[in-house]
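Colleague: I'll drop the sequence and a predicted model, then ask my questions.
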Amino acid sequence: MRQALLVFLVGWALFLPPVSFGQDARNPVVEGFTFDYGQWPYPLNDEVGKELQELAASYPELARAHRIGESRRGKDLWVIELTNFATGPGDTKPGLWLDGNIHAHELTGRQYLRYFVHRLLHSYGKDELSTRMLDTRTFYVMPVFDADGGDMVLSRHPAWPGYDASEHVGTDLDGDGYITQMRVPDATSDEGYRYYTESLELLDVRAEPEFLERRRRDPLTGQREGPDFNRNWSAEWEADEPGAGPRPFSLPEVGTVADFILDHDNIFFTYTIHSGGGSRSYMVRPPMDRPYDWMNGEDNHFYMRVGAIWAYLSGGGLTENNYYSYLFTTSRLDENGEPRGYSDTMAGFNVDWAYMDAGLHHLSPEVNGSGWDYNKDGWIRPQEEERWHREEKGGMFDSPWSEVEHPSLGVVEVGGSRGMPPALDQTLQFHCEIQYDFLLYIASLSPLISIAELASEPLGDGLHRVTATLQNIGGLPTYLTQRAIELRRDMPLVATIDIEGGEVIEGGLERNLGHIQGFVAGPFEATPPLTSFEWVVRADSVPVSVSIKVGAPKAGYAEASTEIGR
Ligand SMILES: [Zn+2]
């Protein structure tokens with residue numbers, strides 16, 4: 001089933017005309033752009049915040065840094081707003097919200113988004129698509145969502161210069177400064193050993209170093225079922241969902257981000273980068289835990305369309321939700337009747353909040369981790385990670401095995417993996433580049449209003465008919481989603497007319513124009529329809545100047561002027 005779906009998506013992608021990309025459907029990297037893909041450890045939250053402020057100072061016409069709130073432990077939460085301010089304030093253009101590192105252990109989002117910010121700013125005026133997107137859209141980028149947890153995971157990584165074994169579960173028996181593993185011979189095991197955490201006690205068999213544990217452990221309290229930044233949103237929130245928290249938005253970071261998104265009516269799309277997805281990257285879409293046909297067909301089509309582009313860019317990557325993921329790949333319950341994977345529900349996700357509660361489109365990539373896809377099959381398998389570690393990193397993330405006298409077990413061997421870093425080098429670069437192209441493509445699909453023509457004709461007795469011909473030159477309709485209409489969060493186009501030396505007789509000074517479709521019409525592309533609106537004005541003496549301003553928060557604003565009677 002998954003195979004068939006994949007073939008369908010890839011096949012379809014080939015037939016889609018390139019909407020915004022060039023002939024090869026990839027956006028070339030502007031000459032002179034550099035990024036340190038090998039940087040490890042990744043920068044801490046305060047360093048990222050400082051970097052965003054410095055970028056805003058270096059590109060005052062294109063970037064502004066905002067401190068939007070504070071984490072539970074008092075760290076600053078930083079967002080950088082990117083747009084060409086010369087073409088209007090950020091909130092007058094369709095906006096995209098991008099966040100990374102929402103889960104403490106999923107660190108790579110901060111790198112992908114730092115790359116996105118650097119490259120977009122560097123490309124302005126040099127690359128046509130990047131320039132056009134900054135002229136006509138606004139990007140709100142938050143590289144680090146869980147500032148406390150993300151920093152704690154980073155600073156506990158064995159490659160961190162200040163790694164402190166005493167912060168970790170276990171005991172540094174061999175005195176090498178790390179908590180790794182210990183093993184004792186066991187003839188009944190295939191590998192000849194039983195493995196434990198390096199410790200005075202016998203901790204979880206085959207337990208990994210604590211920082212690697214990707215379960216729902218709160219990095220601040222160490223509790224297994226701490227609040228989860230992606231179960232604390234109001235959509236389908238359930239109190240007994242692990243990590244739900246006492247109520248939706250109880251986490252200050254989650255509340256801060258939700259407020260920011262809702263306070264910015266221009267935002268039409270939100271994107272949250274995860275990297276807990278295993279050895280193959282995929283894209284998560286709403287609804288999380290329902291079949292696709294739960295969603296209005298027109299809204300669903302957006303995901304089919306962008307899913308095809310994602311399949312093309314990522315080399316066959318799927319866009320899916322957990323409903324189908326569970327349905328086709330695994331039972332939700334294990335043989336003991338316990339929930340497998342996450343839990344038997346998928347409640348309180350920002351994926352669903354964006355669509356169900358805010359009427360916005362949303363995607364959450366799950367980007368794979370370290371290593372390199374040597375055979376280019378789209379998977380980074382354990383042996384490829386190990387090969388990368390050996391060939392590219394000289395095995396630096398392993399400790400050699402050595403014998404140690406254990407107080408209760410006798411002689412044991414201590415050593416093994418200290419844990420692999422998340423994506424670096426070519427793998428990081430690959431995902432940086434495809435996400436850059438993907439996000440600019442999505443930006444290009446926003447609604448975008450334009451005034452194709454503004455004309456007038458005399459009606460006699462000093463009266464004139466003024467006709468504005470409008471076109472939505474973006475892809476999506478100005479109401480964005482059918483869900484937004486249901487929620488009454490669709491924001492109609494409003495036109496205002498201004499006339500000097502005359503008055504408006506018919507049509508109103510301010511007028512609700514309703515909505516206009518874009519070029520995405522079902523599964524096909526269509527020429528955006530031209531839609532005309534008329535006013536009747538009286539000119540006291542000709543010529544007089546008439547100007548029209550039309551727009552909506554998610555569709556941007558356009559203005560045109562004409563002279564009557566000339
Ligand atoms: Zn995650």
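Modeller: Now that the structure is in, tell me what you want to look at. Residues are numbered from 1 along each chain as shown.
Colleague: which parts of the stretch 151-300 of the chain are helices?
Modeller: In the stretch 151-300 of the chain, the helices defined using DSSP state H, counting those that start in this stretch lie at 252-263, 297-314.
Colleague: which of these has the lowest average pLDDT?
Modeller: Lowest mean pLDDT within those: helix 297-314, a mean of 93.
Colleague: with mean neighbour count and distance to Pro528 added, can I get the helices of the stretch 151-300 of the chain in CSV?
Modeller: Using the backbone N, CA and C atoms, a C-beta is placed for each residue, glycine as well. What follows is those, written out as CSV (neighbours: other C-beta atoms under 10 Å; distance: least, C-beta to C-beta, whole Å):
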stretch, mean neighbour count, distance to Pro528
helix 252-263, 18, 27
helix 297-314, 20, 16
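Colleague: the ion versus the nearest residue to His361 once chain neighbours are set aside, what's the distance?
Modeller: In space, and not counting its chain neighbours, His361 is closest to Phe269: 4.8 Å by C-beta to C-beta, 6 or more residues apart in numbering. Counting by C-beta to the ion, to the nearest Å, the separation of Phe269 from the ion is 19 Å.
Colleague: swap in Thr83?
Modeller: From Thr83 to the ion the distance is 28 Å (C-beta to the ion).
Colleague: which pLDDT value goes with that residue?
Modeller: Thr83 carries a pLDDT value of 98.
Colleague: give me the neighbour count for the residue of the stretch 451-566 of the chain found nearest the ion.
Modeller: Evaluated by C-beta to the ion, the stretch 451-566 of the chain has Arg483 as its residue closest to the ion, separated by 23.8 Å. Other residues within reach of Arg483, judged by other C-beta atoms under 10 Å, total 23.
Colleague: domain-wise, how is the chain divided?
Modeller: 2-153+221-370+422-444, 169-208+374-417, 449-564 (automatic domain parsing).
Colleague: which of those has the lowest mean pLDDT?
Modeller: For the domains of the chain, mean pLDDT drops lowest on domain 169-208+374-417, to a mean of 85.
Colleague: measure that domain end to end?
Modeller: 15 Å (C-alpha to C-alpha, to the nearest Å).
Colleague: stretch 81-98 now?
Modeller: From start residue to end residue, stretch 81-98 stretches across 10 Å - C-alpha to C-alpha.
Colleague: now do stretch 368-388
Modeller: 14 Å.
Colleague: is any residue of that stretch near the ion?
Modeller: No. Judged by C-beta under 5 Å from the ion, stretch 368-388 stays clear of the ion, getting no closer than 12.0 Å.
Colleague: point out the residues in the stretch 151-300 of the chain that sit beside the ion.
Modeller: Counting by C-beta under 5 Å from the ion, the residues of the stretch 151-300 of the chain close to the ion are His274, Gly276.
Colleague: ranges for the strands of the stretch 151-300 of the chain?
Modeller: For the stretch 151-300 of the chain, the strands defined by DSSP state E, counting those that start in this stretch cover 181-185, 193-197, 267-273, 282-284.
Colleague: can you give me how far the shortest one is from the chain middle?
Modeller: It stands for strand 282-284. Chain-centre distance of strand 282-284: 10 Å, with C-alpha atoms, centre = their mean, to the nearest Å.
Colleague: mind giving me the packing neighbours of it?
Modeller: strand 319-320, strand 361-366 (3 or more C-beta pairs under 8 Å, 6 or more residues apart in numbering; DSSP states H and E).
Colleague: burial count for Arg247?
Modeller: Residues lying near Arg247 (other C-beta under 10 Å) number 10.
Colleague: any idea how far the ion is from it?
Modeller: Arg247 is 21 Å from the ion, where distance means C-beta to the ion.
Colleague: how about the contacts made by that residue?
Modeller: Trp237 (C-beta atoms under 8 Å, 6 or more residues apart in numbering).
Colleague: excluding chain neighbours, what is closest to Ser547?
Modeller: Here the residue nearest Ser547, using C-beta to C-beta, 6+ apart, is Ser561, at 4.0 Å.
Colleague: tell me the SS of the one you found?
Modeller: Classification of Ser561 using DSSP: H, G, I helix; E, B strand; the rest coil returns strand.
Colleague: how many residues are close by it?
Modeller: Neighbours of Ser561 using other C-beta under 10 Å come to 12.
Colleague: likewise Ser541?
Modeller: Using other C-beta under 10 Å, Ser541 is surrounded by 9 other residues.
Colleague: that one contacts Gly501, doesn't it?
Modeller: Yes. Taking contacts as C-beta atoms under 8 Å, Ser541 lies within contact range of Gly501: 6.4 Å.
Colleague: Leu409 touches Arg183, doesn't it?
Modeller: No. Applying C-beta under 8 Å, one finds Leu409 not in contact with Arg183, separated by 10.5 Å.
Colleague: of those two, which one has the most company?
Modeller: Arg183 (20 against 13).
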